[in-house]
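*Asks:* Dropping the sequence and predicted coords here.
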Amino acid sequence: MNEDLFLCQKMRDEYPDMVDGLDRQAMVYEKRGDNKKALEYYIKTLEFMKKEPDAFDYDHIEEKITNLKTKLNITG
């Protein structure tokens, strides 16, 4: 695991009630071109956010998921 992913995991471990670690991990994978892993972590981010729908505006995450599914030729 490299430093980027290590820091994301550390953030998730230290702040389990915050979505930032999941979201940033998705961004790291997306930046690396690992769209499958990015999609996995954006979905986890969205699931986390939907637990408290009034606390988050998650339209941008849904858009990321849709775009990655299109790139990966995934329907649904």
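*Replies:* Cool, got the structure.
*Asks:* Now the residue nearest to the spatial centre of the chain: phi and psi?
*Replies:* By Cα atoms, centre = their mean, the chain has its centre lying nearest to residue 42, at 2.8 Å. Dihedral angles of residue 42 (phi, psi; degrees, to the nearest 10) stand at phi -70, psi -40.
*Asks:* if I pick it, what's in contact with it?
*Replies:* Counting by Cβ atoms under 8 Å, 6 or more residues apart in numbering, residue 42 touches 23, 26, 30, 61, 64-65, 68. Quick note: C-beta positions are derived from backbone N, CA and C, even for glycine.
*Asks:* ok, 7 Å please
*Replies:* 26, 61, 64-65, 68 (Cβ atoms under 7 Å, 6 or more residues apart in numbering).
*Asks:* Distance of the closest residue to it other than its chain neighbours relative to residue 19?
*Replies:* Of all residues not flanking residue 42 in the chain, residue 26 sits nearest, at 4.4 Å (Cβ to Cβ, 6 or more residues apart in numbering). From residue 26 across to residue 19, the span is 10 Å (Cβ to Cβ, to the nearest Å).
*Asks:* Mind listing the shared neighbours of the two?
*Replies:* Joint contacts of residue 26 and residue 19 (Cβ under 7 Å, 6+ apart) are residue 45.
*Asks:* If you count surrounding residues, which of the two has more?
*Replies:* Using other Cβ atoms under 10 Å as the criterion, residue 26 and residue 19 rank with residue 26 on top: 25 against 21.
*Asks:* In contact with the more buried one, which residues?
*Replies:* 38, 41-42, 45.
*Asks:* host element of it?
*Replies:* Element membership for residue 26 (DSSP states H and E) is helix 20-32.
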